[in-house]
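Peer 1: Provided below for reference: sequence and predicted model.
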Amino acid sequence: MAEALRTIAVVSKLFSNYFVHEVLQGIEPHLFKGPYEVNYYPTTGRIDIEKDMLKSILYEKRADALIAISTPMDEELLQAYKNSGIPVVFIEESCEGGHTVKVDNVKGSYMAVEYLIKKGRKKIGIITGEFLDNRTSASVIERLIGYRKAIEDYGMALNEKFVKHMIYYSFEEGRQKMKEFLEEKAGLDAVFCAGGDLVAMGAMEELKEAGIKIPDDISVVGYDDIILAPYTKPALTTVKQPLAQLGSEAFELAVKCITREVKIDENRLIILDPKFIIRKSA
């Protein structure tokens, strides 16, 4: 008799986002190995809609396990999932009592900023994700921690005018935030695009149009190491995340919870290491 098909729900705000796309690349190969299917649930990022969706997955019994990509959950709802025997695995977020798979964002950010400091850069800006009341992404907070820690460790002064926030992690936002830095005459000699390589590419385009040389005048560092990063002009220096491995580890953990190899309340934490990739932009 064929083994019963089990369903894993995957929830994320932006499935078109490169980060999410690469995470899914790590999940999908597992679907050929066993009796599992994946259902995708995109959210708008609005708290009410997101919570209603998470509740419907739970109370309508749509899944045997849930993988939440950059999607937080309050402790009450997480406990309701656990009470129903549905394990939850968070990617890049964490919730007290849940399983988490993430990359060491503090380390990745620190490596990038430390590299720029050692290259003699004195005024290092950062373009990162948005701050939301009680819902700021853990990766945004952790990358800011790494940025600030490196600056403080090397005896440099923190300047909040060097920090820009964005929403969609897009090429266009990278251009816009870089344009703002230039209009404000911030005097930067480096920009760390913690929001991703697409943001860094947008920032580089704005700099080139303004006649500013990269990296002679301003160095640019990205985050993720997307497939296009080596082909930008100049080639993009960036922090490489093992994104497919994130997805793979999360899927395997979800399956182990379904099969009870891992207890639903064991609260496993898997932290993967980033790598710093040096190219020509910094």
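Peer 2: Thanks, I have it. Numbers count the residues shown, from 1 in each chain.

Peer 1: My guess is S248 contacts H30. True?
Peer 2: Yes: S248 lies in contact with H30 (CB atoms under 8 Å); the separation is 7.0 Å. In this view, the C-beta of every residue, glycine as well, is placed from N, C-alpha and C.

Peer 1: Mutual contacts of those two, please.
Peer 2: Residues touching both S248 and H30 (CB atoms under 8 Å, 6 or more residues apart in numbering): there are none.

Peer 1: Can you give me every residue that contacts the residue nearest the centre of the chain?
Peer 2: For the chain, the residue nearest the mean C-alpha position is S139 (5.7 Å; CA atoms, centre = their mean). Listed by CB under 8 Å, 6+ apart, the contact set of S139 reads S70, E92, K102, N105, G129.

Peer 1: residue boundaries of the helices in the stretch 101-250 of the chain?
Peer 2: 105-118, 138-153, 171-183, 197-209, 243-258 (DSSP state H, counting those that start in this stretch).

Peer 1: Quick one: closest of those to A80.
Peer 2: helix 243-258 (15.9 Å; CB to CB).

Peer 1: Now that closest one: average pLDDT?
Peer 2: In this model, helix 243-258 carries a mean pLDDT of 96.

Peer 1: so what strands line up beside the following helix or strand past that helix?
Peer 2: Using DSSP states H and E, the helix or strand that follows helix 243-258 in sequence is strand 269-272. If you go by DSSP bridges, strand 269-272 pairs up with strand 99-103 (parallel).

Peer 1: for the record, mean pLDDT for the strand it pairs with?
Peer 2: On average, the pLDDT along strand 99-103 is 96.

Peer 1: Grab the CA positions of stretch 217-229 and hand them over as CSV.
Peer 2: The C-alpha trace of stretch 217-229 is given here as CSV (Å, rounded to 0.1, in the frame of the first residue of the first chain):
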residue,chain,number,x,y,z
ASP,A,217,35.2,57.0,-4.7
ILE,A,218,32.6,54.8,-3.0
SER,A,219,32.9,51.0,-2.3
VAL,A,220,29.7,48.9,-2.5
VAL,A,221,29.0,45.6,-0.8
GLY,A,222,25.9,43.5,-1.2
TYR,A,223,24.3,40.6,0.5
ASP,A,224,23.2,37.1,-0.8
ASP,A,225,25.6,36.5,-3.7
ILE,A,226,22.9,36.1,-6.4
ILE,A,227,23.7,34.6,-9.7
LEU,A,228,24.2,38.0,-11.3
ALA,A,229,26.6,39.3,-8.7
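
Peer 1: what about the residue nearest to P242 when sequence neighbours are not counted, distance to D225?
Peer 2: Using CB to CB, 6 or more residues apart in numbering and skipping residues adjacent in sequence, the residue nearest P242 is L272, 5.1 Å away. Remark: distance between L272 and D225 (CB to CB, to the nearest Å) = 14 Å.

Peer 1: what's the offset of stretch 200-217 from the middle of its chain?
Peer 2: 24 Å (CA atoms, centre = their mean, to the nearest Å).

Peer 1: May I see the helices of the stretch 101-250 of the chain arranged in JSON lines, with distance to G85 as well?
Peer 2: Shown next, in JSON lines, are the helices of the stretch 101-250 of the chain (distance: least, CB to CB, whole Å):
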{"stretch": "helix 105-118", "distance to G85": "31"}
{"stretch": "helix 138-153", "distance to G85": "26"}
{"stretch": "helix 171-183", "distance to G85": "41"}
{"stretch": "helix 197-209", "distance to G85": "39"}
{"stretch": "helix 243-258", "distance to G85": "9"}
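
Peer 1: List just the one of these that sits closest to Y231.
Peer 2: Closest approach to Y231 among those is made by helix 197-209 (10.1 Å; CB to CB).

Peer 1: circling back to that earlier point, tell me the two of the contacts of S139 that are most distant?
Peer 2: The most distant members of the contacts of S139, if one measures by CB to CB, are K102 and G129, lying 14.9 Å apart.

Peer 1: Could I get the buried residue list for stretch 26-33?
Peer 2: For stretch 26-33, the neighbour count (16 or more other CB atoms under 10 Å) marks G26, I27, H30 as buried.

Peer 1: least confident pick among these?
Peer 2: Minimum pLDDT for the buried residues of stretch 26-33 is recorded at H30 (91).

Peer 1: check contacts around that residue.
Peer 2: Per CB under 8 Å, 6+ apart, neighbours of H30: Y36, S248, F251, E252, V255.

Peer 1: Can you report how many residues lie near the closest residue in space to A4 that isn't next to it in sequence?
Peer 2: In this structure, A4 finds its nearest non-sequential neighbour in P35, 6.4 Å apart by CB to CB, 6+ apart. A total of 11 residues lie near P35 under the criterion other CB atoms under 10 Å.
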